[in-house]
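**Q** Need the 3D shape of this:
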Amino acid sequence: MNHLYYGDNLHVLRDSIAAESVDLIYLDPPFNSKRDYNLLFKSPKGHASEAQIEAFEDTWHWTDQAEAELSSLAGQPNTDVTQMMHALVSFLGRNDMTAYLVMMATRLLALHRVLKPTGSLYLHCDPTASHYLKIVLDGVFGKINFRSEIAWRRSSSHNDANRYGANHDVIFFYTKGKTWTWNPQFTSYSESYIKQNYRYSDEKGVFRVSDMTANKPGGDVSYEWTAPDGRVVTPYKGRYWAYSKQNMSEMDTKGLIYYRTTGMPMLKHYLSEMPGVPLQTFWHDLNPIISGSPESLGYPTQKPLALLERIITASSNPNDVVLDPFCGCGTAVHAAQKNKRKWIGIDITCLAITLIEKRLKSAFGKRCQFEVHGTPKDLESARDLAARDKYQFQWWAVSLVEAQPFQGKKKGADGGIDGLKFFRDLDKKEVRKIIVSVKGGENVGPAMVKDLIATIARDKAEIGLFLTLTEPTKAMSSEAVAAGFYESASGKKYPRLQILTIESLLAGTARPEHPDYEPDLNFKKAKAEASGEQGELL
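**A** Got it, this is the predicted structure:
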């Protein structure tokens, strides 16, 4: 079973994932870029300004939590990391950068624990803190286990004032031990290389040739060779044949030998049989995700699927376990599923978990089986989430009715709106709007229903959904009924204000009522992946 966890990855790693159980770790953590990143939802024409929400704030500060995590390093067995982190804090001071580095150090230690002895880790970052993260990685994994620093060109050009354009990210590749899973990867030859080297052709295709002589390799390699025109040839002075006479004869029979005008045999290498150029540390052939591209799901730091597929195929095998502890919109787990790996994903926002669930279901359907941990499964756990974090609760509750969260944590910006949902009616003339309001407290009453009715009118919506943890009172139900109905082009009537309890939504005994003539209107849909398996012919 694959697993998707909502929660702090440090706690999930320590409490839910066994030691030495993971084959490959890919992490694309926050970069401490001092920026806010907005998730852009699919939005019908005329609603673009509303269809976004702050996905995460990539700014760190030295707080009590940073102090506590620094202190906790003293209790773990890797004393090198403890000394190194205290030295960094002493040198740099207690500030945003060291708060970020302490956060990363504690999590890298936890990741090292769950990695198998033959496992690998890839850490994706940018130059903001890559030089410091390399030091932290050396402390956790040992500098002898550093394998590569990969530069991925994430844009073709970048215009930066008064400095060179910053157009690449950094990916550090470490292993846990001296042996690790490795499947060589190759890139295509350039046209200029092919033109220069593959200058010959026959009925089998284009080919290049190589010398069939060598220094004394051992065996029967001192003999005369007869070319097709009858000339007898021998290796150059001080050289020997690189192959035995029997092997030379077999290659000649298979048409693998090309003869120069001198009669000297040369070995053919067909372009179609060559794997390509062994992959180097500068990756310039994988295009980044840009707004509007078919692969884009609107997540601000989404990486291309091809990038993750390259890493996963190089450093794991089918049925190996791949872990992404900062899984965002789920590109790593998507790539793992596509390439027949098992996977574990962790993220600290309900927003990301919802997005990943939708992505995997769109791409793989029922073929992708996974278990979600940490999000509410019953009324009690829903109340617990509401008490701990009202915003995460609102985002999660909104997902129960397939709506987009609205405006995020901007105080006073929502105007009583926690979610938006769009639908098309049978006439399909225009997109219509549904407003979602989430109430996580106990004190709900008819005044809140009246407020939502007013918001529906103000925002020119057709329907309002009132989601509540508590059962509605009779007075609330009466107010809802008084709001009237939305009449569909089909003639069917839908309550203009619908009160839905979280308990009934979880149980599947209630759902929003509205026309739904374009089911994929609210979220960008991931491309469906082929099963890769041949079905029965009959």
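**Q** pLDDT at Q83, what is it?
**A** Here the pLDDT value assigned to Q83 is 94.
**Q** Show me what the helix or strand hosting it is packed against.
**A** Secondary structure assignment for Q83, by DSSP states H and E: helix 79-92. If contacts are counted by 3 or more Cβ pairs under 8 Å, 6 or more residues apart in numbering; DSSP states H and E, helix 79-92 sits against helix 64-72, helix 96-114, helix 130-141. (Glycine included, C-beta is placed from N, CA and C.)
**Q** Return the most buried member of those helices.
**A** helix 96-114 (a mean of 22; mean count of other Cβ atoms under 10 Å).
**Q** okay, which residue is most central for this structure?
**A** The residue lying closest to the centre of the chain (Cα atoms, centre = their mean) is T331, at 2.3 Å.
**Q** Might you report the residue contacts of that residue?
**A** 302-305, 307-308 (Cβ atoms under 8 Å, 6 or more residues apart in numbering).
**Q** Quickly note the distance from it to L360.
**A** 11 Å (Cβ to Cβ, to the nearest Å).
**Q** picking that back up, just name the closest of the contacts of T331 to A87, please.
**A** A87 has its nearest neighbour among the contacts of T331 in K303, at 32.4 Å by Cβ to Cβ.
**Q** Could you find the closest non-adjacent residue to the closest one?
**A** Setting aside the residues directly before and after it, K303 is nearest to T331 in space (Cβ to Cβ, 6 or more residues apart in numbering), at 5.2 Å.
**Q** and what of F172?
**A** Using Cβ to Cβ, 6+ apart, the nearest residue to F172 is L123, at 4.6 Å.
**Q** for N319, same thing?
**A** Nearest one to N319, counting by Cβ to Cβ, 6+ apart, is K342 at 6.4 Å.
**Q** For the stretch 151-300 of the chain, which segments are assigned as helices?
**A** With DSSP state H, counting those that start in this stretch as the criterion, the stretch 151-300 of the chain has helices at 191-197, 245-253.
**Q** of all those, which lies closest to A352?
**A** If we rank these by Cβ to Cβ, the stretch that ends up nearest is helix 191-197, at 41.3 Å.
**Q** was I right about L465 contacting V401?
**A** Yes: using Cβ atoms under 8 Å, L465 is in contact with V401, at 5.8 Å.
**Q** Neighbour count for the two, which is higher?
**A** Using other Cβ atoms under 10 Å, the more surrounded residue of L465 and V401 is L465, with 26 against 20.
**Q** so that one, which of the three states?
**A** strand (DSSP: H, G, I helix; E, B strand; the rest coil).
**Q** got a list of what L121 touches?
**A** Here L121 is in contact with 24-27, 111-112, 115, 141, 173-176 (Cβ under 8 Å, 6+ apart).
**Q** which stretches of the protein have low pLDDT?
**A** 32-56, 58, 217, 408-415, 532-538 (pLDDT under 70).
**Q** would TSV of the helices and strands packed on helix 79-92 with distance to N2 be doable?
**A** Below are the helices and strands packed on helix 79-92 laid out as TSV (distance: least, Cβ to Cβ, whole Å):
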stretch	distance to N2
helix 64-72	29
helix 96-114	15
helix 130-141	26
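**Q** Out of the ones you listed, which gets nearest to A507?
**A** helix 96-114 (35.2 Å).
**Q** Could you check the angle that closest one makes with helix 130-141?
**A** 30 degrees (axes from the mean of the first three to the mean of the last three Cα atoms, to 10 degrees).
**Q** Within the sheet, what are the partner strands of the helix or strand just after helix 96-114, with directions?
**A** Downstream of helix 96-114, the next assigned helix or strand under DSSP H and E is strand 115-125. When pairs are called by DSSP bridges, strand 115-125 turns out to pair with strand 22-27 (parallel), strand 168-175 (antiparallel).
**Q** Make JSON lines from those and add distance to Y486 and mean neighbour count to it.
**A** JSON lines is the format used below for those (distance: least, Cβ to Cβ, whole Å; neighbours: other Cβ atoms under 10 Å):
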{"stretch": "strand 22-27", "distance to Y486": "46", "mean neighbour count": "25"}
{"stretch": "strand 168-175", "distance to Y486": "48", "mean neighbour count": "21"}
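**Q** wait, doesn't N522 sit right on V401?
**A** No: applying Cβ under 8 Å as the test, N522 and V401 come out as separate, 10.1 Å apart.
**Q** Compute the distance between R310 and Y122, please.
**A** 10 Å.
**Q** Likewise for E479?
**A** 55 Å.
**Q** Next: T470.
**A** Distance from T470 to Y122, by Cβ to Cβ: 47 Å.
**Q** R147: which of the contacts of L121 is nearest?
**A** For the contacts of L121, the residue nearest R147 by Cβ to Cβ is F173; the value is 4.5 Å.
**Q** Do I have it right that the closest one meets H124?
**A** No: at 10.4 Å, F173 does not count as touching H124 under the criterion of Cβ under 8 Å.
**Q** need the helices for the stretch 301-450 of the chain, in chain order.
**A** Applying DSSP H, counting those that start in this stretch to the stretch 301-450 of the chain gives helices spanning 305-315, 331-338, 350-364, 379-388, 390-399, 446-458.
**Q** Please work out which of those is packed deepest.
**A** It is helix 331-338: most buried of these by mean count of other Cβ under 10 Å, with a mean of 26.
**Q** Out of the helices of the stretch 301-450 of the chain, which is closest to P275?
**A** Among the helices of the stretch 301-450 of the chain, helix 305-315 sits nearest to P275 (Cβ to Cβ), with 13.2 Å.
**Q** tell me the angle of the closest one relative to strand 22-27?
**A** Using the same axes, to 10 degrees: helix 305-315 against strand 22-27 is 150 degrees.
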